[in-house]
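Chemist: Structure, please.
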Amino acid sequence: MPRHKGLVDDASYVTVHLKNPSCGDDMRVQTKIEADVITDIHHDGSGCSICCASASMMAELVKGEHIEQAQAKKKAFYQMVSGQGIDEELLADAISLQGVAKLPPRIKCATLGWKAFEQTLSVDTVEYDEGVTRIDE
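Modeler: Presented below is the predicted three-dimensional model:
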């Protein structure tokens, strides 16, 4: 069962939309950050099971974390799917995706949600009527 799936209509969230044109994965990630803590995160999109499962696990791993700890988890995930080692303590259930390292074309699928999350942390804050949004098509 996907965790944290479904977007919210709330201007206090940062939303990033990314697509993987090589396979059709399409993912939106929203984060709400207060005092450098990821207080809430949501994702929604369509794509392969690796993409969707990875986004769900990512949201579970980073919600409630300080930005620095969330970035450490992101780095550990990227290292794992690149075959550069596994930090089971940081990655918890996400270690189930370690086999992606043996399937190079699927690394983009596994990291799409993580990349969108990463970009929500670096979006220059510009207020729009609908909230803070950056769309990378």
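
Chemist: Can you give me the buried ones in stretch 54-70?
Modeler: By neighbour count on 16 or more other CB atoms under 10 Å, the buried set for stretch 54-70 is 54-63, 65, 70. All C-beta atoms are positioned from the backbone trio N, CA, C, and that covers glycine.

Chemist: Pull the most distant pair out of those residues.
Modeler: 54 and 65 (16.9 Å; CB to CB).

Chemist: what sits against residue 29?
Modeler: Residues near residue 29 by CB atoms under 8 Å, 6 or more residues apart in numbering: 15-16, 41-43, 55, 59, 113, 116-117, 120.

Chemist: Now flag whichever of those is closest to residue 76.
Modeler: Taking CB to CB as the measure, residue 76 lies nearest residue 117 of those, at 13.6 Å.

Chemist: Report how many residues lie close to that closest one.
Modeler: Using other CB atoms under 10 Å, residue 117 has 29 other residues around it.

Chemist: what's the helix or strand for it?
Modeler: helix 107-122 (DSSP states H and E).

Chemist: for residue 27, same thing?
Modeler: Using DSSP H and E, residue 27 maps to strand 25-34.

Chemist: can you pull the buried residues of that strand?
Modeler: 25-33.

Chemist: what's the next secondary structure element after that strand?
Modeler: Downstream of strand 25-34, the first helix or strand assigned by DSSP H and E is strand 37-46.

Chemist: elements contacting that next one?
Modeler: If you count contacts as 3 or more CB pairs under 8 Å, 6 or more residues apart in numbering; DSSP states H and E, strand 37-46 packs onto strand 25-34, helix 49-62, helix 67-81, helix 107-122.

Chemist: if we can go back for a sec, quick one: mean pLDDT for the helix holding residue 117?
Modeler: For helix 107-122, the mean pLDDT works out to 92.
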